[in-house]
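Chemist: everything below, folded, please.
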Amino acid sequence: MAGADEASDGGDADAYCARCGDPLSRGLVASGQRACCLNATPIAGVCPTHGPVGPHHAVDERNAVDDA
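Modeler: Next comes the predicted model:
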């Protein structure tokens, strides 16, 4: 069960991909847990174009795109 401070998986997106501006999916993949034991970067969400992204590629506003 998800705690109150964990990402939700429904409703409007509250994070967007910094590379393309698409809304990030925050289901089972996005959590406070790490992707693997060798990588300390948590998964902030999943972009439909770029796949799983870390917090450095998640932005709060759709128009805050890197153009990367």
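
Chemist: quick one: low-confidence parts of this structure?
Modeler: Residues of the chain meeting the criterion pLDDT under 70: 1-13, 28-39, 66-68.

Chemist: can you pull out the strands in it?
Modeler: Here the chain has its strands, by DSSP state E, at 16-17, 34-36, 39-42, 45-47, 51-53, 58-59.

Chemist: out of the ones you listed, which one sits most buried?
Modeler: Among the strands of the chain, the stretch with the highest mean neighbour count (mean count of other CB atoms under 10 Å) is strand 16-17, at a mean of 24. No exception for glycine: its C-beta is placed from N, CA and C like everyone else's.

Chemist: tell me what that one is packed against?
Modeler: Judged by 3 or more CB pairs under 8 Å, 6 or more residues apart in numbering; DSSP states H and E, strand 16-17 is in contact with strand 58-59.

Chemist: you'd agree C20 is up against V53?
Modeler: No - using CB atoms under 8 Å, C20 makes no contact with V53, being 10.1 Å away.

Chemist: tell me the residues that contact both of those two, please.
Modeler: Applying CB atoms under 8 Å, 6 or more residues apart in numbering, one finds that C20 and V53 are jointly contacted by C47.

Chemist: picking that back up, can I get the strands of the chain in TSV including distance to L24?
Modeler: TSV is the format used below for the strands of the chain (distance: least, CB to CB, whole Å):
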stretch	distance to L24
strand 16-17	6
strand 34-36	15
strand 39-42	13
strand 45-47	3
strand 51-53	7
strand 58-59	6
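
Chemist: quick one: T41 and N63, what's the gap?
Modeler: 25 Å (CB to CB, to the nearest Å).

Chemist: C17: what's it in contact with?
Modeler: 23-24, 45, 47, 49-50, 53, 57-59, 65.

Chemist: repeat that for 10 Å
Modeler: 23-24, 44-51, 53, 57-59, 62, 65-66 (CB atoms under 10 Å, 6 or more residues apart in numbering).

Chemist: for A58, same thing?
Modeler: By CB under 10 Å, 6+ apart, the residues touching A58 are 14-18, 24, 26, 30, 43-45, 47.

Chemist: cool, and C47?
Modeler: 15-25, 53, 57-58 are the contacts of C47 under CB under 10 Å, 6+ apart.
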